[in-house]
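In: got a predicted structure plus its sequence, pasted below:
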Amino acid sequence: MSARDEVLGRYELVVGVEVHAQLNTATKLFCGCRLEFAAPPNSRTCPVCLGHPGVLPALNRAAFEKALRLAVAFGCRLEPATELDRKNYYYPDLPKNYQISQMYHNLGEGGELVLLRSGRTVRMHNVHLEEDAGKLSHAEGGRASTVDLNRAGTPLAEIVTMPDFRSVDEVDDYMDTLTELLRTLDVCRCQMQEGNLRFEASVSVRPRGQEALGARTEIKNLNSYSAVRKGITYEHARQVALLEAGKTPRQETRLWDDEGATDYEQGVPEALRVPRRDVWALLPPDWGDTGWTRFMRSKEQAHDYRYFPEPDLPAFEVSPARVDEIRRALPELPGPRRLRYAGLGVPQKTAEDLTRDVPLATYFERVMALGVPAPDAANYVMNQVGAALNARGLSAADCPVPAEHVADLHAMIVGKALPKDQLLKEVWPKTVEEGLAPSAVAAKYGLQALDDALVVAATDEAWAANPKSVEDLLAGKDKAKRALVGAVMRAFKASKAKPDPAAINARLDALLADERRRRLL
Amino acid sequence: MTAPGELCWTGAAALADRVRRREVSALAVTEAHLARAAAVEPQVKAFLRVTADAARAEAQAIDARLARGEDPGPLCGVPVAVKDNLCTRGVETTAGSRILQGYVPPYDATVVERLRQAGAVTLGKANLDEFAMGSSTENSAFGPTTNPWDPSRVPGGSSGGSAAAVAAGEAPLALGSDTGGSIRQPAALCGCVGFKPTYGAVSRFGLIAFASSLDQVGPFARDCADAALLMDVLWGPDPRDMTARDPRDARVAGPLADLWAAPRPFSTAAAGASLEGVTLGVVKEYLELTTDAEVKGAVLAALDRARAAGASVREVSLGLTEFAIPTYQLVSTAEASSNLARYDGVHYGHRTKERVDVVGLYERSRAEGFGPEVRRRIFLGTFVLSSGFYDAYYLKGLRARRRIRDDFLRALDGVDALVGPTSPFPAFELGARAHDPLAMYAVDVFTVSTNMAGLPGLSLPCGFTSGPRPLPIGLQLTGRPWSDPRLLAIGRALEQALAGAGGAGGARRPEGLP
Ligand SMILES: [Zn+2]
């Protein structure tokens, strides 16, 4: 055990995660502006999302339903009526200088999520609905800042866990699990680089065996999966370094900075900082020179958000009947779906790949529904269909090949309508290109299977006509077999029907066995 | 042929009829009111902006529609003054505040849209206390409006400009907003009719918010029939305001939903108005708190007339009256502190000329843009919502508010409307209360509870003070939630019963105006 592991091992890492997931609705939460990534600045705005005098919010029911679906999927406790609250703070990207959010009556309280990799259960704290702010940019070296309000008013589900994570790997497992869940429920696009899925972690450490939690640090600006892992890793090391130096971490907010790292933290008192080398000694050996969390504000400097119930919106009823309806309509969640696929004989890795891509899984289900056994269906979907999609850069939702064509392909393979090789290499590409069923492709091009007797006769002929190759084959030179197959294939050059190389091989094997037996006698 | 001046004292319903029958053109009606405004505005100062050219164009469009045989709507050619906290597309809207000076809304408030669809002509934007915070219109950043009956006195507020415009014959109708009495009290002080609908009866979309859970838009007119005519245009749900409800739905208005089912529920109810079988509850505490003998006398005399016309009158008690003003202050300032946060100099409105960082920009722009009363209420509201004080103040305020509502619903049990003075005293002198906030807040003692309980409230003229410059006295009627058409009908019947006494504002015109 390294010195680093030994020191870190004396403490327990405790992490809670807060996620802001942009809901993938067509329009904003309180107005009719369309949601589009990378539209020209301020082109997707109206008096409501610009916070003009006199405007009022009108709730987007689709966003409410999506957030509700999420809360139901977590198994949250739902109040019969949910209310929105105002969170008051001043910032130029927040046109009203308050954010409509939830504080006193969250959409959902509690609930849980089973992690896909470890199978552990994470308890949820709450799920609530709120609006996003705009984007403020500070021009490089410029005196002016600019604000783009296209994002202002985008619906967000905020998903808060209990402090249930004890390692970075568990958080990683959670990020994957949650991403799959959000995709399966069709509530979020989950493109972290577009900012529609944003993570914040609250991190504390405590000596092993101690029950009381240490003071927690909230880490913001975790804008990629790797930033989440690194931010928590760094914070773990920093807090342990503080404790090892006899100092006590305090509750504060810090920013992850991929490129930063200096010897001294500005604005942080001596009692709360340790030399850089002490932190680096506890980081993984491949950490590099940069990447740290930067002090942003202490608990005392935290905003007083002056939450109060949003008077411009009524309470929204969440009737038990509606909740039941949503629960019944929930799609199969990733965990159970993986297990089901594996149970049907789909290899573990393929089952994971399929659940990760919801449209592809849906496609797979359609192929199965047409009577194709699960392992075969998975194989065609991952290979033949996957290749066609990749070549065109399409999602399975826009797949140009109907599932019926895959089922047709399977029927032809099983029925030996044509050699498998020919079906996959010659017929399938035409199926994709021409939009015809494989059987229609075969008919169009006059492709048909040869009578086995013809193949046998032609193989026997080639065997007799190529004694040199036969000798080589008997001497164990496998290459000779290819020459013989080639000779048979050539015999059918003028024919539209092609022999199945497998059938030729089978006949050759039989001839070879006969010949050996004969010579032994 | 009526003299142009007489058009200014003709009621809205009569004007609309005559324009519709093409006895007089909408343009002539508009010109008469513009001329009246030009004559009296130097003294009354009811308008922040008279949009004469736009008004003429609107009037001509109405005339053109009539010429094509179309019906422009129930307010056909009727000029209307619009309180300047209601957004008007393309017309500067300031809410009486320097911080919104030069702000031109890109959209019309729903009520303004409904006015236009009903064939009304908007004359201009009426003065108000800054952000509707005040009871005298003295808090306007652009100078006070004066009372048409006595230029040394206030018109009341915050909708003082709207009330004064109607009382001075500059417009037969006006829109106001009422958060704690801002329609009813100026109506009382100027001698006209002012109606605050049940919370949720009229859309607030485009009303610059003061206190969202209390604000309602409502009409000013010179009699209850005209107020009913305008209410028929204003009420109704609005997809842009989720707090605006549809009272035709029994889940909203209960058994009173039937009242709203008629095509024009207010005019229909007002047309059949009678006091026969109506029970009025006179509020004991309101009479006790009315120290002005003439105000008290006028209200009691009106009750005698009501009895003579068939009403029965009984005494009721509102035991929580003393808590009305403090509760109102907690709730309204808390909401205001948040509603007014958007005026920060970043996106629109006044921005400081000083070179400062972003926090400095907020501080300087707001300090320069807001007047002292608005700043006072923002401070108070911010404090009320602060962590550590929220439970003790805001939550307690909400609890008190529910108790006050219960108190009213109990008092209204078996009674069609509560009756009392609208204001404890008639119009006071300019400056008399301007420097004493508590004295100014006390003006609203009889009106704020109506908003906290979400009830409909009506003020109508019931007499005048004596003396060389008689001042109007207003009587307030308060009804059950969603009883609005019936309440205005009771007001209509009462005003008819009072007409013989020569007490109603419409029958008597302010003297001393040009
Ligand atoms: Zn918008």
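Out: Arrived safely.

In: can I see the domain layout of chain A?
Out: Annotated domains of chain A cover A:3-309, A:332-444, A:452-520 [automatic domain parsing].

In: just tell me which of those ends up closest to the ion.
Out: Of all the domains of chain A, domain A:3-309 sits nearest to the ion, with 3.2 Å by C-beta to the ion. All C-beta atoms are positioned from the backbone trio N, CA, C, and that covers glycine.

In: now the domains of chain A as TSV including mean neighbour count?
Out: Shown next, in TSV, are the domains of chain A (neighbours: other C-beta atoms under 10 Å in any protein chain shown):
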stretch	mean neighbour count
domain A:3-309	18
domain A:332-444	18
domain A:452-520	15
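
In: redo the ones you listed as CSV? Include distance to residue B:384.
Out: Putting these into CSV (distance: least, C-beta to C-beta, whole Å) gives the following:
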stretch, distance to residue B:384
domain A:3-309, 9
domain A:332-444, 45
domain A:452-520, 84
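
In: which among those is found nearest to residue A:326?
Out: Between residue A:326 and those, the tightest spacing by C-beta to C-beta is seen for domain A:3-309, at 4.8 Å.

In: pretty sure residue A:256 belongs to a strand, no?
Out: Yes. Membership of residue A:256 in a strand is supported by DSSP: H, G, I helix; E, B strand; the rest coil.

In: list the residues that contact it.
Out: By C-beta atoms under 8 Å, 6 or more residues apart in numbering or on different chains, the residues touching residue A:256 are A:219-223, A:227, A:230-231, A:234, A:292-294.

In: low-confidence regions, the stretch 351-500 of chain B specifically.
Out: Where the stretch 351-500 of chain B drops to pLDDT under 70, the residues are B:500.

In: quick revisit: just the contacts of residue A:256: which are in helices?
Out: By the criterion of DSSP state H, membership of the contacts of residue A:256 in helices covers A:227, A:230-231, A:234.

In: okay, and for the chain, where does confidence drop off?
Out: I'll assume chain A. Checking chain A against pLDDT under 70 turns up A:1, A:140-142, A:263-264.

In: other chain: chain B
Out: B:1-2, B:500-507.

In: so which residue is dead centre in it?
Out: Closest to where the C-alpha atoms of chain B average out (C-alpha atoms, centre = their mean) is residue B:183, at 2.3 Å.

In: wait, isn't residue B:209 in contact with residue A:57?
Out: No. Contact criterion C-beta atoms under 8 Å: residue B:209 and residue A:57 do not qualify, at 11.6 Å.

In: overlap of the contact sets of the two?
Out: Common contacts of residue B:209 and residue A:57, defined by C-beta under 8 Å, 6+ apart, comprise residue A:312.

In: which residues are in contact with the closest residue to residue B:371 other than its chain neighbours?
Out: Nearest residue to residue B:371 in three dimensions, chain neighbours excluded: residue B:130, at 4.9 Å (C-beta to C-beta, 6 or more residues apart in numbering or on different chains). Contact analysis of residue B:130 by C-beta under 8 Å, 6+ apart lists B:95-97, B:139-141, B:370-371, B:373-374.

In: follow-up on the earlier one: got CSV for the ones in helices among the contacts of residue A:256, with distance to residue B:327 too?
Out: Putting the ones in helices among the contacts of residue A:256 into CSV (distance: C-beta to C-beta, whole Å) gives the following:
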residue, distance to residue B:327
A:227, 49
A:230, 53
A:231, 47
A:234, 51
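
In: out of the residues you listed, who's nearest residue B:19?
Out: Proximity of the ones in helices among the contacts of residue A:256 to residue B:19 was ranked by C-beta to C-beta; the top entry is residue A:227 with 68.7 Å.

In: element containing residue B:382?
Out: Assigned by DSSP states H and E, residue B:382 belongs to helix B:372-385.

In: and that helix, what does it pack onto?
Out: helix B:324-339 (3 or more C-beta pairs under 8 Å, 6 or more residues apart in numbering or on different chains; DSSP states H and E).

In: which of the contacts of residue B:130 sits closest to the ion?
Out: Nearest to the ion among the contacts of residue B:130 is residue B:95, at 21.8 Å by C-beta to the ion.

In: how distant is the biggest helix by length in chain B from the center of its chain?
Out: Assignment by DSSP H gives helix B:26-44 as the longest helix of chain B. The chain centre lies 21 Å from the centre of helix B:26-44; the measure is C-alpha atoms, centre = their mean, to the nearest Å.

In: who touches it?
Out: Residues from elsewhere that reach helix B:26-44 (C-beta under 8 Å, 6+ apart): B:4-5, B:7-8, B:15, B:19, B:46-47, B:50, B:52, B:55-56, B:58-60, B:62-63, B:66, B:76-79, B:121, B:123-124, B:145-146, B:148, B:151, B:164-165, B:168-171, B:513-514.

In: just the buried ones from these?
Out: Among these, those buried by neighbour count (16 or more other C-beta atoms under 10 Å in any protein chain shown) are B:7-8, B:15, B:19, B:46-47, B:50, B:52, B:55-56, B:58-59, B:62-63, B:66, B:76-79, B:121, B:123-124, B:145-146, B:148, B:151, B:164-165, B:168-171, B:513.
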